[in-house]
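>>> show me the folded form of this:
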Amino acid sequence: MTAIVSVVLVGAVGAATILPEDETPYLMLMVGGFVVGIAGHLFRARWIVAIGILMIFLATFLLPIATILLNEEPNPPGPDVPVEPSGG
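Reported below is the predicted structural model:
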């Protein structure tokens, strides 16, 4: 179990170094997927449509992953609410 966790963590760190920090490549991949998919429909080639759909899903999947992995700012903490002891 720990081996799997370490492989996933190493993969996440490796992916963070590979994935671009800007969202432009992901948007271009998504737009390219739509263009390829439309071309596949025009040529009536299902395999071209499948490649376009795969490109769209990759862009949709990789953008949030990159955002999470490359975000250097931690999540803001919750409000500081003083905890009063009960029974007092």
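
>>> which helix runs longest in this protein?
helix 46-70 (DSSP state H).

>>> quick check: mean pLDDT across that one?
When pLDDT is averaged over helix 46-70, the result is 87.

>>> and that helix, what does it pack against?
Helix 46-70 sits against helix 2-18, helix 24-43, with contacts defined as 3 or more C-beta pairs under 8 Å, 6 or more residues apart in numbering; DSSP states H and E. No exception for glycine: its C-beta is placed from N, CA and C like everyone else's.

>>> tilt between that helix and helix 24-43?
170 degrees (axes from the mean of the first three to the mean of the last three C-alpha atoms, to 10 degrees).

>>> buried set for helix 46-70?
48-49, 51-52, 55-56, 59, 62-63, 66, 69 (16 or more other C-beta atoms under 10 Å).

>>> and residue 53, what does it touch?
Going by C-beta atoms under 8 Å, 6 or more residues apart in numbering, residue 53 touches 33, 37.

>>> tell me how far it lies from residue 37.
According to C-beta to C-beta, to the nearest Å, residue 53 stands 6 Å off from residue 37.

>>> same question for residue 79.
46 Å.

>>> so those two - more neighbours on which side?
Under the neighbour definition other C-beta atoms under 10 Å, residue 79 and residue 37 were set side by side, and residue 37 has more, 19 against 5.

>>> what's near enough to touch the closest residue in space to that one that isn't next to it in sequence?
Excluding its sequence neighbours, the residue lying closest to residue 37 (C-beta to C-beta, 6 or more residues apart in numbering) is residue 52, at 2.8 Å. Residues near residue 52 by C-beta under 8 Å, 6+ apart: 33-40.
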